[in-house]
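# following is a predicted model, sequence given first.
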Amino acid sequence: AQSVTQLGSHVSVSEGALVLLRCNYSSSVPPYLFWYVQYPNQGLQLLLKYTTGATLVKGINGFEAEFKKSETSFHLTKPSAHMSDAAEYFCAVSDNRAAGNKLTFGGGTRVLVKP
Amino acid sequence: ETGVTQSPTHLIKTRGQQVTLRCSSQSGHNTVSWYQQALGQGPQFIFQYYREEENGRGNFPPRFSGLQFPNYSSELNVNALELDDSALYLCASSFPRGAYNEQFFGPGTRLTVL
C-alpha cells in the first residue's frame, strides 16, 4: 500500500524567504509523484509532477521539487515566497501499476506568508 | 475550454438522509474520480469511473455509490448519512486514465450533516 507523509501541518515564512515543504512517500514500485495547491474554498491545482526522467522538476509559480529515490522524498521548494503563496499544499503519489490514476494524498501543509 | 464543475456548492442534510452530488468533467475527459476531504485532512479516494464503469474503489462502505453517464458526467450518491460524512467532496477528471496523468479538480461540494 502506498502512503504519503508531509512533515509539518503548518509552515510560516516571511515574504521573500525560502519555502520548503517536506514530503516522504512509501511505495512498493517506482511512484508517480505530484504536488497540488489548494486555495481557500477552491479545488486542487497541480503545481508539478514527477513521472520519469530528470529528478528535478519545475512547476508553476516558481516552485520546484526533487525526487530522491534513496530518501523516498519529494520535497517542494520555492526560493522566494510571495504573499500569493499562502495556501495549503498536498503531496500525492500514484501507483503506476494500477489501472487508472488513484491518488493517495498526504495530510497537507498550510503555508502562511508574513509581510 | 470548460473546467470541472460541481453542484451544488453547499449542502446541508440531516443524519439518515440521502444525498446526490454532481460533477461535469472537463471536455474530452473520460475518467472521473471522487475524493472526500474532511476538515484539516488530505483528500481520500472514494472511487473512479472510466467509460461508465467503476474502475477502482477506496476504503468506503457500499452506501457510497456512483454513476457515470455517456457524456462522462458523474454522480456520487451517499445513503444513510452519518455525521462523519460531513466533508468537502471533490471530483476530478482526466484523460487518458494513466497513473502519470494530471487530474483536474473541481471546486468541490461542501456537505454538512447535522
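On my side now, so go ahead.
# sketch out the low-pLDDT regions of chain B for me.
B:1, B:97-99 (pLDDT under 70).
# mind listing the strands for the chain?
Reading this off chain A. For chain A, the strands defined by DSSP state E cover A:3-7, A:10-14, A:19-26, A:32-38, A:44-50, A:56-58, A:64-68, A:73-78, A:87-94, A:103-105, A:109-114.
# wait, chain B was what I had in mind.
Using DSSP E, strands in chain B cover B:5-7, B:10-13, B:19-24, B:31-37, B:44-50, B:53-57, B:64-68, B:74-78, B:87-94, B:104-105, B:109-113.
# on that earlier part again, dump the strands of chain A to a markdown table, plus mean neighbour count, distance to chain B and mean pLDDT.
The way it works is simple: take the backbone N, C-alpha and C, and place the C-beta from them, glycine included. Output for the strands of chain A, formatted as a markdown table (neighbours: other CB atoms under 10 Å in any protein chain shown; distance: least, CB to the nearest CB, whole Å; pLDDT from 0 to 100):
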| stretch | mean neighbour count | distance to chain B | mean pLDDT |
| --- | --- | --- | --- |
| strand A:3-7 | 17 | 8 | 95 |
| strand A:10-14 | 14 | 11 | 97 |
| strand A:19-26 | 18 | 11 | 96 |
| strand A:32-38 | 24 | 5 | 95 |
| strand A:44-50 | 21 | 4 | 94 |
| strand A:56-58 | 14 | 13 | 96 |
| strand A:64-68 | 18 | 13 | 96 |
| strand A:73-78 | 21 | 14 | 98 |
| strand A:87-94 | 24 | 4 | 95 |
| strand A:103-105 | 23 | 4 | 93 |
| strand A:109-114 | 17 | 9 | 97 |
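# would you mind measuring from the residue nearest the centre of chain B to B:Leu76?
Residue closest to the mean C-alpha point of chain B, counted by CA atoms, centre = their mean, is B:Trp34 at 3.0 Å. Noted for B:Trp34: a distance of 5 Å to B:Leu76, by CB to CB, to the nearest Å.
# same question, B:Gly42
B:Gly42 is 18 Å from B:Leu76, by CB to CB.
# around chain A, pick out the residues from chain B.
With CB under 8 Å from any CB of the partner chain as the criterion, chain B meets chain A at residues B:4, B:31, B:33, B:35, B:40-45, B:48, B:50, B:55-56, B:58, B:90, B:92, B:94, B:97-108.
# show me which of those are buried.
B:4, B:31, B:33, B:35, B:41-45, B:48, B:50, B:55-56, B:58, B:90, B:92, B:94, B:97, B:99, B:101, B:103-108 (16 or more other CB atoms under 10 Å in any protein chain shown).
# torsion angles phi and psi at the closest residue to A:Asn41 other than its chain neighbours?
The shortest distance from A:Asn41 to any residue other than its chain neighbours is 7.4 Å, reached at B:Pro107 (CB to CB, 6 or more residues apart in numbering or on different chains). Main-chain torsions, B:Pro107, degrees, to the nearest 10: phi -80, psi -10.
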